[in-house]
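K.L.:
kindly return the folded structure for what I paste below:
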Amino acid sequence: MKIDTLPDEQELGRYTMRELKREMQTRVTECRRMIDAGPAEKRSAEDVATFARLDEEMDRVEAAIEDRAKVDRRSMIARGSFDLPGGPDATPPDNRRFVGIDQRTGREVRAVLPGERLVDALNLSAEARTLSVGRFLRGLVTGDWQGAEAEHRALTVGEFVAGGALVPAPLAALLIDLARAQSVVIRLGAQTIPMPSTTLDLARVVTDPSATWYGEEVRATGLTEGQGSFGRLTLKAHTLAILERASVELAEDAPNFGQVLEQQLAAALALEFDRAVLFGITAQGWSGLRGNPDPWGLGEHSMGTNGA
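P.N.:
Modelled structure (predicted):
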């Protein structure tokens with residue numbers, strides 16, 4: 001399949017969101033076809049060049065989609081369509097994404113907003129973007145990797161004695177994104193912060209400073225200190241796992257087995273995401289929003305006897 005080269009940035013900027021997504025899907029599909037056709041070292045020079053071009057063009061389309069989303073948002077605000085989260089005065093998503101620089105690794109830390117994908121934030125390769133959790137799991141269960149050659153190549157960790165296997169990082173990110181899409185807490189605005197290590201320290205405000213009005217001669221009277229205070233918020237990685245049985249015969253015979261399993265796991269993970277955020281993990285000393293004291297938690301306030 002021959003895919004025309006993308007136009008320059010000016011022309012690409014005139015594309016609608018639907019046209020941009022169609023261009024992205026076309027390139028993802030073609031990359032997937034080339035990957036399934038065989039390993040990279042067996043491709044012709046022309047195919048290698050085409051794959052590299054499509055990979056670069058997918059990055060350009062992604063950037064154009066982000067720009068188009070900003071333009072569409074401004075257009076909605078101008079028309080008075082304020083049904084977007086945060087209303088017309090909401091901070092643009094790209095300003096809210098930046099968290100800071102991790103001093104231990106020197107890497108930027110950026111939050112992933114609702115509607116964004118973790119796999120995009122991790123800058124995965126073109127091949128990784130085309131992977132499927134369902135195809136990977138079906139291949140693990142049946143041992144048949146036909147139609148899932150790329151997922152098989154991603155399996156760099158050998159099987160355990162008990163028959164299990166570690167999910168490669170790109171596929172883990174894809175599964176997390178599937179769960180995030182079904183999480184109510186995420187849809188309500190919770191941000192996801194990729195962690196470069198098992199712990200990540202963030203600064204937080206404990207108390208705000210107070211402001212004072214002064215006359216014209218501020219330097220003569222001096223300023224009264226209204227000291228706020230800061231604290232440390234330590235994010236710690238936890239392991240969330242699911243163990244279930246599946247029939248090998250069903251996995252071999254049902255063409256939708258991978259998709260059903262993928263959706264089932266994502267739904268179960270999303271439900272536990274929401275429960276842990278709201279009610280915590282008692283065994284690990286994590287109280288969640290419901291049990292945290294103000295101002296971080298969802299505090300309980302008595303309305304008196306029978307609401308009196």
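K.L.:
all helices for the stretch 201-308 of the chain, in order.
P.N.:
218-221, 248-253, 257-279, 288-291 (DSSP state H, counting those that start in this stretch).
K.L.:
let me fix that, I meant to ask about the stretch 51-200 of the chain.
P.N.:
Taking DSSP H, counting those that start in this stretch, the helices of the stretch 51-200 of the chain run over residues 93-97, 118-121, 126-129, 133-142, 149-154, 169-182, 184-187.
K.L.:
what sits up against the third one?
P.N.:
The contact list for helix 126-129, computed with Cβ atoms under 8 Å, 6 or more residues apart in numbering, reads Val28, Cys31, Ile35, Phe51, Leu54, Asp55, Met58, Val119, Ala150, Ala154, Pro170. Yep, even glycine has a C-beta here, placed from its N, CA and C like the rest.
K.L.:
show me where pLDDT drops low in the stretch 51-200 of the chain?
P.N.:
72-107, 156-168 (pLDDT under 70).
K.L.:
can I get stretch 30-38 as PDB, trimmed to CA atoms?
P.N.:
Output of stretch 30-38 as PDB, limited to C-alpha atoms (Å, rounded to 0.1, in the frame of the first residue of the first chain):
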ATOM      1  CA  GLU A  30       0.600   0.300   7.400                       C
ATOM      2  CA  CYS A  31       3.300   0.100  10.000                       C
ATOM      3  CA  ARG A  32       1.400  -2.800  11.600                       C
ATOM      4  CA  ARG A  33       1.300  -4.600   8.200                       C
ATOM      5  CA  MET A  34       5.100  -4.100   7.700                       C
ATOM      6  CA  ILE A  35       5.800  -5.300  11.200                       C
ATOM      7  CA  ASP A  36       3.700  -8.400  10.800                       C
ATOM      8  CA  ALA A  37       5.400  -9.200   7.500                       C
ATOM      9  CA  GLY A  38       8.600 -10.000   9.200                       C
END
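K.L.:
tally of neighbours for His238?
P.N.:
By other Cβ atoms under 10 Å, 10 other residues sit near His238.
K.L.:
for it, report the pLDDT, please.
P.N.:
pLDDT recorded at His238 is 84.
K.L.:
wait, it sits on Ile281?
P.N.:
Yes. With contact defined as Cβ atoms under 8 Å, His238 reaches Ile281; the gap is 7.1 Å.
K.L.:
what about Ile186, distance to Ile3?
P.N.:
As judged by Cβ to Cβ, to the nearest Å, Ile186 and Ile3 stand 34 Å apart.
K.L.:
so between these two, which is more surrounded?
P.N.:
Applying other Cβ under 10 Å to Ile186 and Ile3 shows that Ile186 carries more neighbours, namely 21 against 15.
K.L.:
which residues touch that one?
P.N.:
Ile186 makes contact with Pro114, Arg180, Thr192, Ala270, Phe273, according to Cβ under 8 Å, 6+ apart.
K.L.:
ranking by neighbours, what's the top pick from those?
P.N.:
Neighbour max across the contacts of Ile186 (other Cβ under 10 Å) = Arg180, 23 neighbours.
K.L.:
Gln263: how many residues sit nearby?
P.N.:
15.
K.L.:
out of the helices of the stretch 51-200 of the chain, which one sits most buried?
P.N.:
Highest mean neighbour count among these (mean count of other Cβ atoms under 10 Å): helix 133-142, with a mean of 22.
K.L.:
and the angle for it with helix 169-182?
P.N.:
120 degrees (axes from the mean of the first three to the mean of the last three Cα atoms, to 10 degrees).
K.L.:
residues touching the most centrally placed residue in the chain, list them.
P.N.:
What sits nearest the mean C-alpha location of the chain, by Cα atoms, centre = their mean, is Leu118, with 2.6 Å. Applying Cβ under 8 Å, 6+ apart to Leu118 gives the contacts Val112, Ala173, Ile176, Asp177, Arg180, Thr192, Pro194.
K.L.:
for it, give its distance to Leu271.
P.N.:
According to Cβ to Cβ, Leu118 and Leu271 sit 18 Å apart.
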